[in-house]
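Student: Please find the sequence and the predicted model below.
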Amino acid sequence: MKAKNQRLVLVAAAAFALLAAVLLAMWGLKDRASYFFTPADIAAGKATDGQAMRLGGMVERGSIKREPDGVTIRFIITDGKARTPVTYRGIVPDLFREGSGAVAEGHLQNRTFVADTILAKHDERYMPPELGNLAAEHKAGKTLEK
Amino acid sequence: MIAEAGLAALWLAAGLAALQFVLMVLALRSPIDVCRAMRGVAVVQGALTLISFAMLLIVFARSDMSVALVFENSHSAKPFIYKVAGTWGNHEGSMLLWVTVLSVAGAFFALLSKRAGERTAIAALGAQAALALGFYAFLLIASNPFARLFPAPPDGRGLNPLLQDPGLAFHPPTLYLGYVGLSVAFSLAVGALLTGEVDAKLARAMRPWVLGAWLLLTLGITAGSYWAYYELGWGGYWFWDPVENASLMPWLAATALLHSINVLAARGALKAWTMMLAVIAFSMSMVGTFLVRSGVLTSVHAFAIDPERGTFLLALLGIYVGAAFVLFAVRGATLREGASFELVSRETGLVINNLLLSVILGIVFLGTLYPLFVEAVSGEKLSVGAPYFNAVAGPLALILTVLVGVGPLLSWRRERRSRLKTLTIPALIGATALAITVILWPGMNILPRLGLMVAAYLLVAGTLPLVARNPLRAPLATWGMVVAHLGIAVALAGMAANAAFTSERLAVISPGESLTLGPWTVQLETVEPAAGPNYTAIEGKLRATRGSGLTMLRPQTRYFSDPPTETNEAAIETFWNGQLYTVIGKADTAGGWQVRLWWKPFVTLIWTGGALIAFGGALALVGRAWRSRRRTSGGWRKERYA
């Protein structure tokens, strides 16, 4: 291959790679980017049962209840506009407590969120970006209870 | 006084960086001999930042609460090692560490790198100074680590207990060394684009820096993954968290660069491409730093709370990356391409490797930043998680892993005596592995199944470059490549085994009761209080038996008072064929305790593989350094007398 053609092929290959990355990413994001939901989204019927998703909000004060089996907990996640009941089987991560922000991964089942994971955080100051406003409002004293 | 001395050293270093930059501009306009002077300035600048960082270390070690940063992030009751680690376990300290590594790397470049041409070295030192200048300005204007607090409070606020861990104490510095090591490759690329001297000589000067940075990044990512695995108590090793992606992106770019730089060094081809990758690799380091340090990831509100820092970093990022790409656009097109190659050749193999790595990098980049774009445009908040990354990047990574076995068998320029036939054996072994998984575990998911197949194939294919020749006479760099490629196979096997064979048990049991899990019977003996240097804990004593073997595990739940926090301390026991992972949770009213158990066969292979990959890089680095020393030792003398 002549040097000039070679460069042309390389440039074409690079352009192709860039395009492929963008197309693959867009395809992936289209299917899976609607991944984060708030209780308000769920109340508005935006989520379907069984779909993998993340639910974020504040853990309502006084809502954490332990089941008789000892390892299943039920609590309510709220964003001030709506409330979603959550069940989780497992040991809750460090820094999970009532009145603080939480993100759960799992799916909806009969209007209840079944969590597989409750996100562990690196830092007590860490707040998932999606909860930014909520946490600030919370801190500012606009309590979300009731 | 110590804090003021540290601040003064930082100002002086910034002044020297400005001088270094001015010297470059002068030297490039009219040919004057400033190379020596610039090397001297770079070395002193590196020493000064090192002094500044040492001062901050001392202030932290002494728990000097009159320094605001110490008050915010330390406490007198903290174990000494974490007082020291607290130096970089916060925003200002970690940025000071960043700039220290940056300018010390510049100093080492000035001292060691005689292989680049003199004009290119001058331009590279200038570029390095320009990089450092921006970050000095950032520290001195927006995040002074030495700011005093008056009156001095009696004690500090402590450090997040999750960060009080040997893994996290040493993992960020390793990553930073890797991130910033790439700055030298960036500066060399910018320097070479300025002078137009993009050639094999430049590639050889750049290669040790890329190799070194890449192997430190590999170690840092591996260590970070293991830290998350054992410290967070969730049993996973990779989360696709934006903070993790921030370190993965420069690694992907550096991996591509590492391979393309070999083409430039051996054949003088892929000039523009390699320069672009060098620019991208360090840009990704800066994107990562921006994402983690600006606070856009921690909270959208970090921008509003402290807009100065986020915008400052974003501006720096824009200036450096923008300038480098403009330079690349202007100069890259004028580069004369080097030696040509046929369609089937080692060069083509490496181009395909680079394209796949770039596509994966693009996917991770878009997935990580997409939520920020969407939020900026529409205000809508969303998050992109593991389902996206696994589904889109996973298959590409598997294809790339298959090609890892093919590439090294191709010869440079054009394929003559084909060695591709030797791949039949590894292919058969992969097929056998697939058949075994189908027969023994019919219910296994498709990805772990493919993973085990490809791992088995690569474990054999990876050794082929050594099999063809006398292994003892093969260059150390070839050994390094083989070891690194085998490391990929080992890590992949570990990931697939973890996905396919992990068994889990979660229950509430009272002391005396036991649970079974895989080959294990685990009995809860007692639960007792325990105390550490700055925490109290509840410690479970678990008695695990398998056959006649007996192991005791002691997972804890720790309570820290300052700030009030609670952490789970998993107890993990490693065996040759896997890890037993135990966590103890809360008590119930009837005297039972939550116990979570995982039996993870061969999970340690994940990190063994990571360590092997880094070790391969170290072998190649030593091998190259040793060879070039032998080759150039005569040359230096000649130059001296000429």
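Tutor: Done, it's in.

Student: for residue B:573, phi and psi?
Tutor: phi -120, psi 130 (degrees, to the nearest 10).

Student: is the lengthiest helix in chain A up against chain B anywhere?
Tutor: The single longest helix within chain A, with elements called by DSSP state H, is helix A:3-32. Yes: using C-beta under 8 Å from any C-beta of the partner chain, we find that helix A:3-32 touches chain B at A:3-4, A:6-7, A:10, A:13-14, A:16-18, A:20-22, A:24-29, A:31-32. To be clear about C-beta, it is placed using only N, CA and C from the backbone, and glycine gets the same treatment.

Student: Emit the ChimeraX select command for whichever of the residues you listed are buried.
Tutor: Only the buried entries of these go into this ChimeraX selection, using 16 or more other C-beta atoms under 10 Å in any protein chain shown:
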select /A:6,7,10,13,14,17,20,21,24,25,28,29,32
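
Student: What helix or strand is the residue of the stretch 351-500 of chain B found nearest chain A located in?
Tutor: Of all residues in the stretch 351-500 of chain B, residue B:362 sits closest to chain A, at 2.8 Å by C-beta to the nearest C-beta. Using DSSP states H and E, residue B:362 sits within helix B:346-378.

Student: now that helix: how far from the chain's centre is it?
Tutor: Its chain's average C-alpha position is 17 Å from that of helix B:346-378, according to C-alpha atoms, centre = their mean, to the nearest Å.

Student: Give me the angle between that helix and helix A:3-32.
Tutor: Counting by axes from the mean of the first three to the mean of the last three C-alpha atoms, to 10 degrees, helix B:346-378 lies at 40 degrees to helix A:3-32.

Student: which helices and strands does the helix or strand just after helix B:346-378 pack with?
Tutor: Per DSSP H and E, the first helix or strand lying C-terminal to helix B:346-378 is helix B:386-406. If contacts are counted by 3 or more C-beta pairs under 8 Å, 6 or more residues apart in numbering or on different chains; DSSP states H and E, helix B:386-406 sits against helix A:3-32, helix B:346-378, helix B:446-461, helix B:476-501.

Student: so can I have TSV of these showing mean pLDDT and distance to residue B:114?
Tutor: Listed next are the helices and strands packed on helix B:386-406 as TSV, based on pLDDT from 0 to 100; distance: least, C-beta to C-beta, whole Å:
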stretch	mean pLDDT	distance to residue B:114
helix A:3-32	78	31
helix B:346-378	87	27
helix B:446-461	93	38
helix B:476-501	94	20
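
Student: Could you point out which of those sits nearest residue B:227?
Tutor: Closest of the helices and strands packed on helix B:386-406 to residue B:227 is helix B:476-501, at 16.4 Å (criterion: C-beta to C-beta).

Student: how about the next helix-or-strand element following the closest one, does it get close to chain A?
Tutor: Once helix B:476-501 ends, the next helix or strand along the chain (criterion: DSSP H and E) is strand B:503-509. Yes: contact between strand B:503-509 and chain A is present through B:506, B:507, B:508 (criterion: C-beta under 8 Å from any C-beta).

Student: What is the nearest of those to chain A?
Tutor: residue B:508 (3.1 Å).

Student: just how off-centre is the strand or helix carrying residue B:60 within its chain?
Tutor: Assigned by DSSP H and E, residue B:60 falls within helix B:35-61. Distance, stretch centre to chain centre, for helix B:35-61: 24 Å (C-alpha atoms, centre = their mean).

Student: mind checking the SS state of residue B:585?
Tutor: Put simply, residue B:585 is strand when judged by DSSP: H, G, I helix; E, B strand; the rest coil.

Student: In contact with it, which residues?
Tutor: A:71, A:91, A:92, B:557, B:568, B:593, B:594, B:595, B:596 (C-beta atoms under 8 Å, 6 or more residues apart in numbering or on different chains).

Student: What's the separation between the last one and residue B:553?
Tutor: For residue B:596, the distance to residue B:553 under the criterion C-beta to C-beta, to the nearest Å works out to 12 Å.

Student: With that, I have no additional questions.
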